[in-house]
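Q: requesting a structural model of the entry that follows:
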Amino acid sequence: MDFKGITELIKVMSSSNIKLLEVQENGISIKMEKDSQGIVIKNEAPVVNSSSYDILDEEVSRDLAVEKKETVNDENIYTIISPIVGTFYSSPSPDKDAFIKEGKEVKIGDTICIIEAMKLMNEIQSEVNGEVIEVLIRDGEMVEYGQEIVKIKKL
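A: The predicted model follows:
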């Protein structure tokens with residue numbers, strides 16, 4: 001488990017009702033407990049040095065403290081949000097064209113992107129007919145549950 005994976009686990013646990021999480025991967029065991037003080041990480045085997053924990057704590061605190069930017073509430077703009085935490089992919093494979101681009105027309109049921117979660121590829125489909133006005137995530141970036149990923153102007 002790498003630094004990014006640990007950070008992602010902390011974010012998921014922070015935003016959920018989970019009180020205890022134990023993960024074992026490649027001989028590394030991490031146990032996280034959430035109480036009224038926050039999340040406590042208990043390592044069964046060393047993963048990173050203590051200075052990395054300071055960096056991790058700072059990054060997680062900064063990420064959790066970031067305020068969501070206000071969006072203009074336009075009835076003709078439909079925002080697709082991520083239904084899961086995972087990695088955003090704009091195309092079916094690296095050598096294929098992107099599913100959507102800004103200015104492209106989409107119909108209900110068209111694939112917008114793929115979000116990989118736990119080695120499963122989840123196709124995200126359009127729920128409206130319209131024109132893509134903005135893709136908010138770059139290929140290969142991590143997305144959070146509820147994060148805005150694409151804006152479509154309804155037709």
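
Q: K19 versus the spatially closest residue to I112 that is not a sequence neighbour, what's the distance?
A: Once flanking residues are discounted, I112 sits nearest to I124: 4.9 Å by Cβ to Cβ, 6 or more residues apart in numbering. All C-beta atoms are positioned from the backbone trio N, CA, C, and that covers glycine. Applying Cβ to Cβ, to the nearest Å, the value for I124 to K19 is 30 Å.

Q: same thing with M13?
A: 9 Å.

Q: so where do the strands sit in this structure?
A: With DSSP state E as the criterion, the chain has strands at 20-25, 28-35, 38-43, 77-81, 86-89, 105-106, 111-117, 120-125, 130-135, 142-143, 148-154.

Q: bridged to the residue nearest to I80 when sequence neighbours are not counted, which residues?
A: Nearest non-adjacent residue to I80, counting by Cβ to Cβ, 6+ apart: V150, 4.4 Å away. Counting by DSSP bridges, V150 is bridged to I80, V135.

Q: for V150, give me its contacts.
A: Contacts of V150 were listed using Cβ atoms under 8 Å, 6 or more residues apart in numbering, and they are 79-80, 100, 112-113, 132, 134-137.

Q: center of the chain - which residue?
A: Centroid-nearest residue in the chain, with Cα atoms, centre = their mean: V143, separated by 2.0 Å.

Q: next one: the residue lying closest to V23 once chain neighbours are set aside from L21, what distance?
A: Nearest residue to V23, sequence neighbours excluded (Cβ to Cβ, 6+ apart): I30, at 5.0 Å. I30 sits 8 Å away from L21 when distances are taken as Cβ to Cβ.

Q: so what's in contact with the two at the same time?
A: Common contacts of I30 and L21, defined by Cβ under 8 Å, 6+ apart, comprise L9.

Q: the more surrounded of those two?
A: I30 (20 against 17; other Cβ atoms under 10 Å).

Q: how is this protein carved up into domains?
A: Using automatic domain parsing, the domain ranges for the chain come out as 3-65, 77-154.

Q: least confident of the ones you listed, on average?
A: When the domains of the chain are ranked by mean pLDDT, domain 3-65 comes last with a mean of 62.

Q: where does P83 fall, phi/psi-wise?
A: With angles defined as degrees, to the nearest 10, P83 sits at phi -80, psi -10.

Q: and it, how many neighbours?
A: 14.
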